[in-house]
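**Student:** Here's a sequence, model it:
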Amino acid sequence: MSADIQGALKLLDRLIAFPTVSNCSNRDLIAFISEYLAGLGVDHHIFSDETGDKEGLIAHIGPWTEGGVILSGHTDVVPVDGQPWHSDPWALTEENGKYFGRGTCDMKGFVALALAAVPQMLSAPLARPIQLAFSYDEEPGCLGTLPLIEALAQNYPRAGSVIVGEPTMMKVVTGHKGGIGMVTTLKGKAAHSSAPSQGVSAIAHAVPLIEWHEAQMMVEQQKAGGRNGFDPAHTTLQVGTIHGGTSLNTVPDECIMETDIRYVPPQTAEDWIAAYRIEAQKVEKTMQADFPDASVTISNIDVAPSLAPLPNGEAEQIARRLTGDNSDNLVSYQTEAGHFQTAGYSTVVCGPGSITQAHQANEFITVDELRNGAGFLSRLVNSLS
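**Tutor:** Numbering: from 1, shown residues only. Sure, this is the predicted structure:
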């Protein structure tokens, strides 16, 4: 096994040991990365959220010039609660060439490879810089991505391209769907179930909004979907959770539901949110006809922008040249790439491991996948030298 992979595995072992699920702080992991980079004499910057419990890190290697390449990765992972793991998810475990642990694939494997490549970056005569950009809270909605992009703009020369190292089996992904998460709260009027006309059921009035997602708009999108490379080829909508009522014999005065929209570019989040607001206002007006204080409110709107294919973009050219992959790859999941593209960066998604392992029990990455990722990064360093 090559020394490069050995170094990455040692780093991955340390990174996996930090249980950086989104309801926990990731500061200890960032402190470990910071200490590692400081030991190599690498300039880096740490930024945090408003609570100070979540931190991101940016490192700059090479000349202090614009036009470099950003290697982007997130440091958080999804929970393991209730999953049937056959080994400790917080300890890197090898079995038949597979390395098990939460985050091995999504996406501490890429972070470890990028960190392991830093000595080569330092020894190379880089003509353009490489910037490592590690965020927090990507899993619950890319919450740390905009602060990361802001910190890049404030502290470092602007890069020319971004490679987001999410697991793609080193295929070059040039586009992904956008995502919208929303919470809708309906407030009605409680009454005894023996006299329902004296109340206004929040649950009953939620039904048209559920049907708008699951039946009306979903069917329209299915009919309009074409051959665009996405699977499924159309925008998808669903109501993921619903909560309401206090007892079986009480007209429910409140109903809260969470909805998810995965839209295909060039559709926009703004258009979808505006369309849903119109439906919510219709329902609110109907409720207020019987109870003026009734309301329908939309909150906690979380948007992950889509990544639109931009043929011959700088990031795509770099990734295709280094991987030899000339296939067209569009995916339905979201990444931080959409935020980078929205900020004006040429961006692709390309990293080791398979997305089928993400969020699963017994998540793993193989030694061959790590080798492929290490080879990609080594060629990137050479191409910038």
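**Student:** where's Asp28 relative to Ala275, distance?
**Tutor:** 43 Å (CB to CB, to the nearest Å). Quick note: C-beta positions are derived from backbone N, CA and C, even for glycine.
**Student:** and if you look at Thr241?
**Tutor:** 21 Å.
**Student:** Please say which of these two ends up with more neighbours.
**Tutor:** More neighbours surround Ala275 than the other of Thr241 and Ala275, with 13 against 10 (other CB atoms under 10 Å).
**Student:** Let me see the contact set for that one.
**Tutor:** Applying CB atoms under 8 Å, 6 or more residues apart in numbering to Ala275 gives the contacts Met217.
**Student:** Phi and psi next, for it.
**Tutor:** phi -60, psi -40 (degrees, to the nearest 10).
**Student:** what about Arg128, neighbour count?
**Tutor:** Arg128 has 18 neighbouring residues, counting by other CB under 10 Å.
**Student:** Leu322 now?
**Tutor:** Neighbours around Leu322, by other CB under 10 Å: 20.
**Student:** try Ala133
**Tutor:** 26.
**Student:** Also the one 5 residues further on?
**Tutor:** Here the number of neighbours of Glu138 (other CB under 10 Å) works out to 29.
**Student:** Use 366 as the first number for this chain going forward.
**Tutor:** Sounds good: first residue 366 from here, last item Glu503.
**Student:** so how far is Leu513 from it?
**Tutor:** As judged by CB to CB, Glu503 and Leu513 stand 10 Å apart.
**Student:** what do the two both touch?
**Tutor:** With contacts defined as CB under 8 Å, 6+ apart, the residues adjacent to both Glu503 and Leu513 are Glu701.
**Student:** ok, which stretches of this structure are helices?
**Tutor:** 368-381, 392-404, 473-481, 483-488, 510-520, 567-576, 583-589, 634-653, 679-688, 702-707, 732-748 (DSSP state H).
**Student:** Nearest residue to Thr651 in space, please, no chain neighbours.
**Tutor:** His570 (6.8 Å; CB to CB, 6 or more residues apart in numbering).
**Student:** can you tell me which residues contact that neighbour?
**Tutor:** Contacts of His570 (CB under 8 Å, 6+ apart): 551, 553, 620, 648, 651-652, 661.
**Student:** out of these, which are buried?
**Tutor:** Neighbour counting by 16 or more other CB atoms under 10 Å classes 551, 553, 620, 648, 652, 661 among the contacts of His570 as buried.
**Student:** pLDDT wise, what is the one residue sitting closest to the centre of the chain at?
**Tutor:** For the chain, Thr700 is the residue whose C-alpha lies nearest the centre (CA atoms, centre = their mean; 3.8 Å). We have a pLDDT of 94 for Thr700.
**Student:** From Cys620, how far out is it?
**Tutor:** 32 Å.
**Student:** cool, Val538 as well?
**Tutor:** On the measure of CB to CB, Val538 and Cys620 end up 38 Å apart.
**Student:** again with Ala680
**Tutor:** Applying CB to CB to Ala680 and Cys620 gives a distance of 44 Å.
**Student:** Could you do Ala479 as well?
**Tutor:** Ala479 sits 45 Å away from Cys620, going by CB to CB.
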